[in-house]
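Enquirer: Generate coordinates for the sequence data below:
(4 chains)
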There are 2 protein chains.
Amino acid sequence: MTVPLYQAKAEFFRTLGHPVRIRVLELLRDGPRPVRDLLAEMDIEASSLSQQLAVLRRAGIVTATREGPTVVYALISVDVADLLKAARRILTDMIAGQEELLAELRDTESGKVT
Amino acid sequence: MTVPLYQAKAEFFRTLGHPVRIRVLELLRDGPRPVRDLLAEMDIEASSLSQQLAVLRRAGIVTATREGPTVVYALISVDVADLLKAARRILTDMIAGQEELLAELRDTESGKVT
DNA sequence: CAAGAAGTTGTAGAATTATTCAATTCACTA
DNA sequence: TAGTGAATTGAATAATTCTACAACTTCTTG
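Expert: So this is what the prediction gives:
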């Protein structure tokens, strides 16, 4: 094998590490969509979106197929949806943890020493 | 809320996007471990490892607790393990796909037109 | 207290990524 | 075939992140 798996994994995660790319993947979770559609949900310029789509394409996470004048994107694997779900779970846990911490700090500040 | 969720997600993935950090998380999957232990499995300098541990700490993905002269790291959430598993699934699918493609190319090259 | 082991931090320079805007391709239709 | 909508590409600049090394902190033990 050329690239150790943990390095491939790191590259893969790095590919996901961009707000626009995440949004694209989340939109594609509900099925394939033309670029125009993605663009409509996103308030960025077409070329910026295209740059990010290219990153996802190069990484092999999505596929693009031309249909006449429009290009339709899709996830290569539905497993990507699971991954995003797992990430959300972790994040909500983390945020909940932070809120607890915050609440604790508030209480402490107002005199109650815990 | 301050930061939209998709941005938090992107940051989270970006945090995972480094080979050393991935290895650390994989090692921590089996339970908490002292830095010394991690270091032994990794063939990098202590300071480099420390840098990456700091990234994970700041992101709140791991916790560090001092126990005498050593510092023990642990995952904040076991869900992180699920995430890594999901990632492996996707990657192995992708690699399998590439191999198929490769095989196809090989066949084509040797005369068989598909 | 001095010395050593275990980790962490600061930081400078190199390397990657992001962002933006103009130019380009491709497909369709008047 | 000229024009238009849809999307991509190229390339320059700005911003982040990596890497490596030296200095530093903490704890422990002689």
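Enquirer: Any chance you could spot the residue sitting in the middle of chain A?
Expert: Centroid-nearest residue in chain A, with CA atoms, centre = their mean: residue A:22, separated by 2.2 Å.
Enquirer: What strand or helix carries that one?
Expert: Using DSSP states H and E, residue A:22 sits in helix A:19-28.
Enquirer: next one: residue A:55
Expert: Residue A:55 belongs to helix A:46-58, assigned by DSSP H and E.
Enquirer: and the following helix or strand past that helix, how far out from the chain's middle?
Expert: Later in the chain than helix A:46-58, the nearest helix or strand by DSSP H and E is strand A:62-67. The chain centroid and the centroid of strand A:62-67 are separated by 19 Å, computed with CA atoms, centre = their mean, to the nearest Å.
Enquirer: next one: stretch A:24-38
Expert: Its chain's C-alpha centre and that of stretch A:24-38 lie 12 Å apart, by CA atoms, centre = their mean.
Enquirer: for stretch A:13-26, same thing?
Expert: With CA atoms, centre = their mean, you get 3 Å for stretch A:13-26.
Enquirer: check whether that stretch contacts chain B.
Expert: Yes - judged by CB under 8 Å from any CB of the partner chain, stretch A:13-26 comes into contact with chain B through A:13-19, A:21-23, A:26. (Glycine included, C-beta is placed from N, CA and C.)
Enquirer: and that stretch, average pLDDT?
Expert: For stretch A:13-26, mean pLDDT rounds to 98.
Enquirer: got the contact list for stretch A:12-28?
Expert: A:33, A:37-38, A:41-42, A:44, A:48-49, A:52-53, A:55-56, A:59, A:61-62, A:73-75, A:80, A:84, B:4, B:6-7, B:9-11, B:13-18, B:22, B:87, B:90-91 (CB atoms under 8 Å, 6 or more residues apart in numbering or on different chains).
Enquirer: tell me the average confidence for the helix holding residue A:55?
Expert: Average pLDDT, helix A:46-58: 98.
Enquirer: Hey, what's the angle from that helix to helix A:19-28? Just curious.
Expert: Between helix A:46-58 and helix A:19-28, the angle comes out at 70 degrees (axes from the mean of the first three to the mean of the last three CA atoms, to 10 degrees).
Enquirer: Does DNA strand D have contacts with the helix holding residue A:22?
Expert: No - judged by CB under 7 Å from any atom of the strand, helix A:19-28 and DNA strand D are separated, with a smallest distance of 10.4 Å.
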